[in-house]
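Novice: I need the structure of the sequence given here:
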Amino acid sequence: MKELVLLTVAISLLYIVLPIISIWTFLRSLIKWDIRILKVWWFRTAIAIDKLGNVIGAPFFNDTFIKKGGYQFGNPDETISSVLGKNYRDNTLTKFGGFFRVALDFIEKDHCINSINENLTNTRK
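Specialist: Below you'll find the model as predicted:
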């Protein structure tokens, strides 16, 4: 039950704080006249959300995106794209997982293969 309370508080704080931080970062980049501030923040935020998605979506992704014995989703240090890339390389994606990989690779050529992080070990089996 404590875990549910922590999750509820974390989500509530995210919805309260994220708009404030977004506005602050935008204004800071204007004041300093430096678009790189926004670009770095956007990139880092996208990676953090991607890693969050890998964790919270792990049960669904493991059941629908990969074949039995495939590299598992759920490592909090890894992106969804990295896991998809590893399973694509190892030929362990389901048709649904393959469709998702193709969609990401359409946005950026070879995105999933290029996103593979070999420095991580599979913490879920």
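Novice: what ranges of this protein fall below the confidence cut-off?
Specialist: Applying pLDDT under 70 to the chain flags the ranges 120-125.
Novice: what about the helices in it?
Specialist: Ranges of helices in the chain, per DSSP state H, are 2-32, 35-56, 58-64, 80-89, 95-107, 111-114.
Novice: Against T8, how distant is the spatially most central residue of the chain?
Specialist: The centroid of the chain falls nearest to D50 when counting by C-alpha atoms, centre = their mean (1.4 Å). Distance of D50 to T8, computed by C-beta to C-beta, to the nearest Å: 23 Å. Where you see a C-beta, it was placed from the backbone N, CA and C, and this is true even at glycine.
Novice: Then L84?
Specialist: According to C-beta to C-beta, L84 stands 30 Å off from T8.
Novice: Between the two, which is the more surrounded one?
Specialist: L84 (29 against 10; other C-beta atoms under 10 Å).
Novice: so the more buried one touches F65, yeah?
Specialist: Yes: using C-beta atoms under 8 Å as the test, L84 is close enough to F65 to be in contact (7.0 Å).
Novice: Please enumerate the shared neighbours of those two.
Specialist: Taking C-beta atoms under 8 Å, 6 or more residues apart in numbering as the contact rule, L84 and F65 both touch 93, 97, 100.
Novice: which one of these is nearest L14?
Specialist: F100 (24.6 Å; C-beta to C-beta).
Novice: Was I right to think that closest one contacts N87?
Specialist: No: judged on C-beta under 8 Å, F100 makes no contact with N87 at a distance of 10.5 Å.
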